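no sequence on hand, only this structure:
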């Protein structure tokens, strides 16, 4: 059984959600779908120049997971450019906010989580302190959702 994805912290949104080659109608193009967490990985690593360790902490994922997300995003961008496909950015296991701040009184671990926590992720202790909502960046929107990846034209989607 495959382990479910944990929500990834996403603060940036694409300026546009669809990119396609000029001069070709979108209805005749095959497409590749990039999820919002893959877009966020590209934004953090390539546009902002963060190291993978820093970017992974920002997205609330491990460094190896961030590397896999970034590799998938790079592969999809290359496929789009080389094959002349349309790129759609949508969906994925993301959480755009609000994030709740917590601190464990037992081990002094401090973290942000999309949901209310009952145990510390480090020591599994229950002696938690709720931090103010000011712990989250102001750019996060006030919605919590797992966005679906839609496919309105089933025969036209290419996935990397």
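Cool, the structure landed. Every value quoted in this text rests on a predicted model; they were computed, and no experiment measured them.

so which elements touch the strand or helix carrying residue 78?
Here residue 78 sits within helix 63-83, counting by DSSP states H and E. Applying 3 or more Cβ pairs under 8 Å, 6 or more residues apart in numbering; DSSP states H and E, one finds that helix 63-83 contacts strand 31-34, helix 36-42, helix 52-59, strand 86-89. For the C-beta atoms, the positions are set from N, CA and C on the backbone; glycine is no exception.

residues touching that helix, excluding its own?
8, 19, 30, 32-34, 37-39, 41-42, 45, 52-53, 55-56, 59, 61, 85-87, 158, 160 (Cβ atoms under 8 Å, 6 or more residues apart in numbering).

which among these count as buried?
8, 19, 32-34, 37-39, 41-42, 45, 55-56, 59, 61, 85-87, 160 (16 or more other Cβ atoms under 10 Å).

outline the domain layout of this protein.
1-95, 98-135 (automatic domain parsing).

state the mean pLDDT of the shortest one.
Taken as a whole, domain 98-135 has a mean pLDDT of 78.

and for stretch 28-46?
93.

do stretch 85-94 as well
For stretch 85-94, mean pLDDT is 86.

point to the residue nearest the middle of this structure.
The centre of the chain sits closest to residue 37, judged by Cα atoms, centre = their mean, with a distance of 2.1 Å.

quick one: contacts for it?
Under the criterion of Cβ under 8 Å, 6+ apart, the neighbours of residue 37 are 8, 10, 59, 69, 92-94.

that one and residue 26: what is the separation?
To residue 26, residue 37 is 24 Å away according to Cβ to Cβ, to the nearest Å.
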